[in-house]
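# Here is my input; please provide its structure:
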Amino acid sequence: MWTDLTHLDISVTEKVVRTIAVYLAIAVLLRLAGKRDLAQLNAFDLVVMLLLSNVVQNAIIGPDNSLAGGLIGAVVLVAFNSVVVRSARRNEKVARFLEGQATELARDGRWDLEALRREGLRPADAEVALRRQNANSVADVEVATIEPGGSIVATLRADLQSATRADITRLEAKIDALIANGRPQD
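Presented below is the predicted three-dimensional model:
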C-alpha cells in the first residue's frame, strides 16, 4: 500500500516540467480566448473550464497515479502560480504582458462595435454591466472599458455622477456665503 502511495512512476523533474508547461499553455489559451471569458462565464464557458481541467490532468501527472506524484504536481502548480502573480504585481510590464490591457468599449455615449466584437461581447451584454454601475444606457457613459480580468468599468458623464463629500462641502460653503451676504434662501 505505501509503495502505491509514494512510488513515483516519473521523475520529480519531469513532474515539475509537465506542470509548468501545462500551466503556461492554459494561461496562453485563456489570454487568447479574451477577457470576457474570465469575468462573465456562461454555462458553455463553465463546461469548457471543467472539461479543460480534466483534459490536462494526464498531461500533468503522466502515468503517475501516486499520492506523492499528485501532491508534487499540486505544490508545483500553486508555487508557480504564486511566482507568476507576484511577478505581475511587482512589475507593470510583466502584468501587461501576462494579463493584457484594458480595452475601451464605449466613449461619449457610443459603443465601439469593433472593440465589442474583438472582445466577444454583444452591446446588450455590456449594457447589463453598465446598469450595475448606475447607467441607464451607453448614452449615460463618458467611457466604458473592459479590464484585463474581464470586469466592465464605466465612467458616467459628469452630470450623472453621484455627489462627493467635496461637492456637498462646496455647496454648503456657497449657501453659507449667500446667507452671510443677506440673500434670501430658496
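# Give me the below-cutoff pLDDT ranges for the chain.
Low-confidence segments of the chain, defined by pLDDT under 70, are located at 1-5, 34-42, 183-186.
# Can you give me the distance of residue 61 to residue 110?
Distance of residue 61 to residue 110, computed by C-beta to C-beta, to the nearest Å: 50 Å. For glycine as for every other residue, the C-beta is placed from the backbone atoms N, C-alpha and C.
# do the same with residue 25
38 Å.
# do the same with residue 64
Distance of residue 64 to residue 110, computed by C-beta to C-beta: 55 Å.
# which of those two has more neighbours?
Neighbour totals were compared for residue 64 and residue 110, and residue 64 leads with 20 against 10 (other C-beta atoms under 10 Å).
# The closest residue to the more buried one other than its chain neighbours is in what secondary structure piece?
The spatially closest residue to residue 64, leaving aside those adjacent along the chain, is residue 9, at 4.1 Å (C-beta to C-beta, 6 or more residues apart in numbering). For residue 9, there is no host helix or strand (DSSP states H and E).
# Surely residue 9 touches residue 61?
No. Assessed by C-beta atoms under 8 Å, residue 9 is found out of contact with residue 61, at 9.0 Å.
# Give me the more crowded residue out of the two.
Neighbour count, other C-beta under 10 Å: between residue 9 and residue 61, residue 61 has more, with 20 against 13.
# residues contacting that one?
With contact set as C-beta atoms under 8 Å, 6 or more residues apart in numbering, residue 61 has these partners: 15, 18, 69-70, 73.
# Which residue lies nearest the spatial centre of the protein?
residue 149 (1.3 Å; C-alpha atoms, centre = their mean).
# Can you classify that one as helix, strand or coil?
Secondary structure, DSSP: H, G, I helix; E, B strand; the rest coil: residue 149 is coil.
# Now do it against residue 127, distance only.
Relative to residue 127, residue 149 is positioned 20 Å away (criterion: C-beta to C-beta).
# hey, what's in contact with both of residue 9 and residue 61?
Common neighbours of residue 9 and residue 61 (C-beta under 8 Å, 6+ apart) are residue 69.
# As a check, name the ranges of all helices in the protein.
For the chain, the helices defined by DSSP state H occupy 2-6, 12-33, 36-39, 43-61, 67-90, 92-99, 113-119, 123-131, 165-180.
# For the residue nearest to residue 18 when sequence neighbours are not counted, give me its contacts.
Spatial nearest neighbour of residue 18, chain neighbours left out: residue 60 (5.4 Å); criterion: C-beta to C-beta, 6+ apart. Residue 60 makes contact with 15, 18-19, 22, 73, 77, according to C-beta under 8 Å, 6+ apart.
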